[in-house]
Structure formats: C-alpha cells, structure tokens
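> With the input below, show me the fold.
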Amino acid sequence: MLDLISAGKLHPVLVDIGAAGGAPDIWQPIAAQSIYVGFDPDLRDMADSVGGGFHRRFILNKAVTSDPSQSEVEFYLTDYPHCSSTLKPDLASVYNYSFHDYFVTNRKARVPSISLDAALAQLELDHIDWMKLDTQGTDLRIFRSLNDSVRSRMLALDIEPSLIDTYEGEDLFVDTHRYLVSHGFWLSHMKVLGAGRIRRSTLEEIVPNAPLQQIFAHRKLSRSPAWCETRYFRTLESLAQRSACKHDYALLWTFSMLATQWGFAMDVALEYRKLFGDDELAAAMHQKTREYLKVPFRYSMIATAKRVLPNGVQNALRRVVGLRK
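Residues are numbered from 1 along each chain as shown. All right, here's what the predicted structure looks like:
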C-alpha cells in the first residue's frame, strides 16, 4: 500500500480535528508520505507522538468553527479533557448516565478559532483526503461548512456522533448518517459505545466513595448506547459523477486496504482498470488485493457451511465441491 503512494509520489492530506491523544493508529502505515494537520484547543492530553513520522505536520492550537466570521469561541473545559467542547454539556441529560462527571465543566475560556477553509488556505492546501472529526457535538456542521470543492473530494471520514444528547444542540448520528449517505458516502465501520444507565444520585447512594463510582459502573453495569465511532468511504458512484482522477482511486484503494475493506478495495481496483486501462498501478492494486482475498473457495464454503447449515446439507455440499468427509 505504501509502495503505491511512494510510486505515485502522492502525499495524502490527513486532517485530525480533536487531536488530543495522538493521530489515529490506522494512519501510521502511510504517515511517512502524508501531510498531517491536527487541531485541538485543549492540549492537556495532546500526545507528543502525534506527528513524529509524518512527511509534513501542522498542529493548530485552535478550535475549528463552522462559522467563518468567528475568530474565537467559548470553550467548555470539562474535568475529562476528551469531553471538552464548544457546546455546553447537557448535564440534565447525562445525569441519567454513569459518565455524568466527565461532562462537569471545570472552567470556560475564550479560545482562538478558525474555519476549516481558512485553515487550509493558511497552510496552502486545497483538499483533504481523510478527515477524523471528534469535536464533541459539532462534527456534522463542521463537515458541512467546508467549501463544496473540498467536501466533494474527500475520500474518507472518521466521525464520532452521539446517540443521546450529551451537549446542548449537538449533531446526532441519525442526522449525520442521513446527510453523508445522501452525499456520496457509505458506512464502512461502526462501533457503538456507551455508559451505564444510572442516575448520579443513585450511583452516589450505592457507592458513596466518589473515586470508586466509575470503577463500580464499569464492572457492574450494562452499557447503554450513547455514542458511536464510525468510518465512511466515498462511493464509486460519487467518484464517477465528478470524473475523479487516477490518484483519487489509488488513495481510496489504499484507505480501503488499511481499513481491511478488501472487497471494496477490489471494486476500486477493477473500476480503476476499467476507466484508466491495465497500467502498472492497476496491476499492483489488483494483485495486492487478490493476495488478501486468496482463500480456496471450496474450503471457505465448507467453513461457512459448518456454521450455518445442518450436517446433511454440509455433506451434500462436500460431494458437490469434491471434498471427502
């Protein structure tokens, strides 16, 4: 995968909004060839390793805003740094969940802010290939605020919308998913995360010792869905509509391989060959994907059958594909 990027002299632009904790691990294999741009106004948990191996790296200690007229915004700094947001925590809503204390505001501060379009212009970048959004409630509006020429070229998007109201007026998953699917993306991965559904007062009644409350909740309570980590990729139909170039297909293939979406990666490889011919890049993508998909079909069929079919049907299938019992 990295060889393809190196051969094509491609430098993917990776934008990390909410960069506390370091760059996503999935980007590490392509870091040496990539341009990394990280944003986070709360640097209490910013990892030093965020950009050690990138081709170029920019860290902006600013909040990203969807309003280009704002040069600063009010930032709610919560006790738990990863919950800090430009939106006010909805304490009445999270009162019913065990992670209530994470959202208690430690202090408020006016912090410098910048729109994504302004940041790209400042850094002399004209596109984003893969963006990670974790702004605690404003992911969708920030994505939508991008200039259409940048938004329509984006190939991959990691976004973390909430399933419940953790902040006042936040963007929820239902609206985020509907918008992205209707604008040329498909949902590749989704990890649903949550917290124990228990009122803070009840938790205090059961476990009077505050430091032990989160340990109790983690070990004893079922987790109710509260937010999700999702990944979206650009559809091939969307690429075709804007007559995307070879590099877009090569990068989309690379991102798909990194995410273990080998079936979609083969779709991309075959579409590339259909549009641009059987050049070296087409051959390399096709061969590499086949290596990951190379499982003798008759054996994989039997393995699947063992999980889902009755014994009699399994035996009949063995005879069809020529395997002895």
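> average pLDDT across stretch 124-140?
Averaging pLDDT along stretch 124-140 yields 95.
> ditto for stretch 144-151
96.
> buried sites along it?
Buried positions in stretch 144-151, judged by neighbour count with 16 or more other Cβ atoms under 10 Å: Ser145, Leu146, Val150, Arg151. Heads up, the C-betas are built off the backbone N, CA and C, glycines and all.
> Can you dump the C-alpha atoms of that stretch in CSV for me?
Taking C-alpha atoms only, stretch 144-151 is exported to CSV below (Å, rounded to 0.1, in the frame of the first residue of the first chain):
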residue,chain,number,x,y,z
ARG,A,144,-20.9,20.8,6.0
SER,A,145,-19.2,24.2,6.5
LEU,A,146,-16.4,23.1,4.1
ASN,A,147,-16.3,24.6,0.6
ASP,A,148,-18.0,22.2,-1.8
SER,A,149,-14.9,21.7,-3.8
VAL,A,150,-13.1,20.4,-0.7
ARG,A,151,-16.0,18.4,0.7
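> Can you tell me which of the buried residues of stretch 144-151 comes closest to Tyr76?
Nearest to Tyr76 out of those is Ser145 (Cβ to Cβ; 20.2 Å).
> in the stretch 201-325 of the chain, which spans are strands?
Secondary structure of the stretch 201-325 of the chain (DSSP state E, counting those that start in this stretch): strands at 223-234.
> most centrally placed residue in this structure?
The chain has Asp158 as the residue nearest its centroid, 1.8 Å off, counting by Cα atoms, centre = their mean.
> list the helices and strands the helix or strand harbouring it packs on?
Element membership for Asp158, per DSSP states H and E: strand 156-159. Using 3 or more Cβ pairs under 8 Å, 6 or more residues apart in numbering; DSSP states H and E, the elements in contact with strand 156-159 are strand 130-133, helix 139-145, helix 173-181, strand 223-234.
> Ile30: which of the buried residues of stretch 144-151 is nearest?
Val150 (20.0 Å).
> re earlier: export the helices and strands packed on strand 156-159 to JSON lines and tack on distance to Val104?
Compiled in JSON lines, the helices and strands packed on strand 156-159 are given as follows (distance: least, Cβ to Cβ, whole Å):
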{"stretch": "strand 130-133", "distance to Val104": "24"}
{"stretch": "helix 139-145", "distance to Val104": "22"}
{"stretch": "helix 173-181", "distance to Val104": "24"}
{"stretch": "strand 223-234", "distance to Val104": "16"}
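> who touches Leu239 in this structure?
Residues in contact with Leu239, defined by Cβ atoms under 8 Å, 6 or more residues apart in numbering, are Asp248, Tyr249, Leu252, Glu271.
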